[in-house]
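Novice: Following is a predicted model, sequence given first.
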Amino acid sequence: MPEPAIPSEIYVDADACPVKREVYKVAERHKLTVHVVSNGGVTIPRDPRIRLVIVGAEPDAADDWIAARAGPRDIVVTADIPLASRCVKAGAAVIGPNGRVFSEDSMGMTLATRNLMTDLRSAGEVTGGPRPFSPRDRSAFLSALHEAAVRLKR
């Protein structure tokens with residue numbers, strides 16, 4: 001008799017995540033557990049499938065908690081490029097809040113660009129920062145998250 005599939009879970013790097021409500025909606029539709037990982041100050045709906053995880057205030061505590069648990073049947077929601085890289089390496093489906101899907105093929109260039117921008121900022125160059133979050137980003141995120149949930153159910 002084959003072993004039952006391990007249910008997929010969603011891990012949210014929550015402190016600056018603008019799409020938590022969308023995560024809850026998709027998770028409810030697909031009956032997925034959500035781990036909302038934060039340094040504190042985040043509220044979640046009362047739902048047994050949504051779990052708040054408060055980590056320490058040290059740098060990367062939320063990233064480390066997520067990276068230690070996310071695996072091939074899971075989805076990670078983060079805008080943090082190093083965390084995305086760690087989770088992609090672990091086999092997780094990783095989606096940015098703007099709907100960008102991170103993959104092994106894209107991570108090398110994504111990390112290089114991030115490092116270049118960090119170097120430019122530390123050298124005093126004004127880089128302008130990310131563009132404002134838009135309704136189009138929210139829509140792209142919902143679509144990408146739904147597609148990932150469907151794909152993991154197969």
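Specialist: Noted; the coordinates are in hand.
Novice: so where's this protein uncertain?
Specialist: Across the chain, the ranges flagged by pLDDT under 70 are 1-7, 107-130.
Novice: Distance of Gly96 relative to Arg46?
Specialist: 28 Å (CB to CB, to the nearest Å). Glycine gets a C-beta too; all of them are placed from N, C-alpha and C.
Novice: between these two, which one's more packed in?
Specialist: Ranked by neighbour count (other CB atoms under 10 Å), Gly96 and Arg46 place Gly96 first, with 22 against 6.
Novice: pretty sure the more buried one contacts Ile81?
Specialist: No - using CB atoms under 8 Å, Gly96 is not in contact with Ile81, being 9.0 Å away.
Novice: All the strands of the protein, residue numbers only.
Specialist: Using DSSP state E, the strands of the chain run over residues 9-13, 33-38, 50-54, 75-77, 93-95, 101-102.
Novice: measure the residue nearest to the spatial centre of the chain to Ala90 for me?
Specialist: Closest to where the C-alpha atoms of the chain average out (CA atoms, centre = their mean) is Val77, at 1.4 Å. Noted for Val77: a distance of 15 Å to Ala90, by CB to CB.
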